[in-house]
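*Asks:* starting from these lines, generate the structure:
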Amino acid sequence: MLTNLNSMSIEELWSLHEQLDSVLASKLSAEKAELEKKLGQRKTPRTMRDVLTKVSNARASSTKRRAVSRCQPPTQTRLLQAWRL
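*Replies:* Coordinates of the predicted model:
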């Protein structure tokens, strides 16, 4: 290939340059469009209200307290009954 380039005239080399430029530009724009399409599928448009709702729901679920049954403080009678079992 290098020998072919050396034997080409300036006009032929310029023509080859323009052909390569157009082919590479079309491939690049096709790849860019494909990547933008993939990025569009991954991103979901959000409004500020959606974000705030999600944050408040996360906070509410993490700060909920478990329901705990009330128990009586231990007395000597109940402690003795527990040991007898």
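*Asks:* give me the pLDDT for the spatially closest residue to M8 that is not a sequence neighbour.
*Replies:* Computed as Cβ to Cβ, 6 or more residues apart in numbering, the closest residue to M8 that is not its neighbour in sequence is L16, at 7.3 Å. For every residue, glycine as well, the C-beta is placed using N, CA and C. The predicted local confidence for L16 comes out at a pLDDT of 93.
*Asks:* any idea how far L16 lies from V23?
*Replies:* 11 Å (Cβ to Cβ, to the nearest Å).
*Asks:* so between the two, which is more surrounded?
*Replies:* For the pair L16 and V23, the greater number of neighbours falls to L16 (13 against 10), based on other Cβ atoms under 10 Å.
*Asks:* what helices or strands is the helix or strand containing that one leaning on?
*Replies:* Using DSSP states H and E, the secondary-structure element containing L16 is helix 10-42. Counting contacts by 3 or more Cβ pairs under 8 Å, 6 or more residues apart in numbering; DSSP states H and E, there are no secondary-structure elements packed against helix 10-42.
*Asks:* now do I10 against E18, distance only.
*Replies:* As for I10, its distance to E18 is 13 Å (criterion: Cβ to Cβ).
*Asks:* I misspoke; the intended subject was K32.
*Replies:* Distance check for K32 against E18: by Cβ to Cβ, it reads 21 Å.
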